[in-house]
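J.: coords please:
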Amino acid sequence: MPVRVLLLTQWFDPEPTFKGIVFARELVRQGFEVEVVTGFPNYPGGTVYTGYRIKLLQREVIDGVEITRVPLYPNHDQSAIKRVLNYLSFAASSLIYGLFFAKRADVIYAYHPPLTVGITASLIRLFRRIPVVYDIQDMWPDTLRATGMVNNPRALNAVEAVCQWVYCRVDHLVVLSPGFKRLLVQRGVPERKIDVIFNWADEAALNAPQGKLAANFPGPEQFRILFAGNMGKAQALDAVLDAAALLQARDWRVCFVMLGGGVEVERLKQRAAELRLRNVVFLPPVSMAEVGTLLNAADALLVHLRKDPLFEITIPSKTQAYMTVGKPLLMAVNGDAADLVLQSGGGVVAESENSISLASAAETLQKLTPVERQAMGENAQTYYRERLALSVGVSQFGKIFNEIKTKKK
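T.: You can find the predicted model right below:
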């Protein structure tokens, strides 16, 4: 009998997510039965997507994947209370469904964040004796502190205590970087209980790009460095604007293209206007398939996060997407992410929140010959295909699921 996996995640397609239909579909392709328990799509805007309406239960099947949607309070704004309601409402409804209505599974895969999903998975494990594999994509409470989402020391301590409670009760943990594993071991989690499985990209969408370039996308006479993704406080993109100002003053033809949405977009646009930057272009968010078109049109691809101990052990998901398309990376995240780029030979690194370092790295890439940049991009693509690809990562998860089922017998 195939291993049956209950995939518990608050966010799932059509919402943007690291472990959505691509993950579930590949599990099915590799011989697993999969039921996804998720909410009604509302992230990141906090409004339920067109074509959906919240009700007690909605079932659908996509490419052999059973998807069950349970009700939640849709919200993703800056209100801490509303955000907590969003998390708790999904936790409660998924707990009820998991305890009383979900088919018996061999293993629960639980996606974190938010932490409330881990609580739900742990309670289902307690009452139904189904082992749990807990996939940690954000290290809480560290991420909450680093992003400023939560600043109250008592609240952060409470979150940390709940995290430890969940870690003790799940059967296995998966993390996205070696640094995450080191941190968990320091916090008392047994090393044998943790595996590092790097994230992958949406290969199908990126390898079949759609759409056209925006009219204001810079032409080939400029050296285009593209940043794609959320523009929030954690990305600290003022440093990129400062680097652009330095490059503009030196009359370099480097141009930064900022693609995406986020709470900082309007402020960044205003600051770029105040600095009179002619070498920064902002583009609105597009679908993943259209992102592929823009990534392929760029000359290099930028990753940037705030300088913070947490981010030194983080590998931003856009790293894998960039490597997939075979373009040189400008990695401005210290630590594990920089190490990954250097190991792959697929780009150059700069110091986080250092405009001088960013400008210097941009100049380095621009000075390379087209052949040298092509070789750098091919290095990144090869490294991704051999070590980070979807089939590689899902096979690693599959091995864990099979081992857990074997131990249960």
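
J.: need the contact list for the nearest residue to residue 162 once chain neighbours are set aside.
T.: Excluding its sequence neighbours, the residue lying closest to residue 162 (Cβ to Cβ, 6 or more residues apart in numbering) is residue 115, at 6.1 Å. C-beta coordinates here come from the backbone N, C-alpha and C atoms, glycine included. The contact partners of residue 115, taken as Cβ atoms under 8 Å, 6 or more residues apart in numbering, are 87, 140, 159, 162, 163, 166.

J.: How many residues are close by residue 173?
T.: Residues near residue 173, counting by other Cβ atoms under 10 Å, number 22.

J.: give me every residue that touches it.
T.: Shown in contact with residue 173 (Cβ under 8 Å, 6+ apart): 133, 134, 135, 136, 167, 184, 189, 193, 194, 195.

J.: now those residues in CSV, with secondary structure?
T.: Below are the contacts of residue 173 laid out as CSV (DSSP: H, G, I helix; E, B strand; the rest coil):
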residue, secondary structure
133, strand
134, strand
135, strand
136, strand
167, helix
184, helix
189, coil
193, helix
194, strand
195, strand
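
J.: how close does the residue lying closest to residue 93 once chain neighbours are set aside get to residue 82?
T.: Computed as Cβ to Cβ, 6+ apart, the closest residue to residue 93 that is not its neighbour in sequence is residue 70, at 4.0 Å. Distance of residue 70 to residue 82, given as Cβ to Cβ, to the nearest Å: 19 Å.

J.: So between these two, which is more surrounded?
T.: Between residue 70 and residue 82, counted using other Cβ under 10 Å, residue 70 has the larger neighbour count: 24 against 15.

J.: I'd say the more buried one and residue 92 touch.
T.: No - counting by Cβ atoms under 8 Å, residue 70 does not reach residue 92; the two are 9.1 Å apart.

J.: what about residue 391, how many neighbours?
T.: The tally of other residues near residue 391 (other Cβ under 10 Å) stands at 13.

J.: give me phi/psi at residue 225?
T.: Backbone torsions of residue 225, given as degrees, to the nearest 10, read phi -110, psi 120.

J.: now swap in residue 186 and tell me
T.: The phi/psi pair for residue 186 (degrees, to the nearest 10) is phi -60, psi -30.

J.: Could you measure from it over to residue 136?
T.: Separation of residue 186 from residue 136 (Cβ to Cβ) stands at 14 Å.

J.: if you count what's nearby, which of the two comes out ahead?
T.: residue 136 (26 against 8).

J.: okay but the more buried one is in contact with residue 112, surely?
T.: Yes - look at residue 136 against residue 112 with Cβ under 8 Å: they come within range, at 5.1 Å.

J.: Which of the three states applies to residue 35?
T.: Per three-state DSSP, the local secondary structure of residue 35 is strand.

J.: Based on its surroundings, how many neighbours for the nearest residue in space to it that is not next to it in sequence?
T.: Nearest non-adjacent residue to residue 35, counting by Cβ to Cβ, 6+ apart: residue 66, 4.3 Å away. Burial measure for residue 66: 18 neighbouring residues, criterion other Cβ under 10 Å.

J.: same thing with residue 24?
T.: Neighbour tally, residue 24, other Cβ under 10 Å: 27.

J.: Check for me that it belongs to a helix.
T.: Yes - using three-state DSSP, the assignment for residue 24 is a helix.

J.: Tell me who's in contact with the nearest residue to it once chain neighbours are set aside.
T.: Setting aside the residues directly before and after it, residue 24 is nearest to residue 65 in space (Cβ to Cβ, 6+ apart), at 4.4 Å. Contact partners of residue 65, counting by Cβ under 8 Å, 6+ apart, are 21, 24, 25, 28, 34, 35, 36.

J.: host element of the fourth one?
T.: In this structure, residue 28 is located in helix 21-29 according to DSSP states H and E.

J.: Let's see that helix as PDB, backbone CA atoms only.
T.: Taking Å, rounded to 0.1, in the frame of the first residue of the first chain, the C-alpha atoms of helix 21-29 are listed here in PDB:
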ATOM      1  CA  ILE A  21       0.600  22.000  -5.600                       C
ATOM      2  CA  VAL A  22       4.100  21.500  -7.100                       C
ATOM      3  CA  PHE A  23       5.200  19.600  -3.900                       C
ATOM      4  CA  ALA A  24       1.900  17.600  -3.600                       C
ATOM      5  CA  ARG A  25       1.900  16.700  -7.300                       C
ATOM      6  CA  GLU A  26       5.400  15.400  -7.200                       C
ATOM      7  CA  LEU A  27       4.700  13.300  -4.100                       C
ATOM      8  CA  VAL A  28       1.800  11.700  -6.100                       C
ATOM      9  CA  ARG A  29       4.100  11.200  -9.100                       C
END
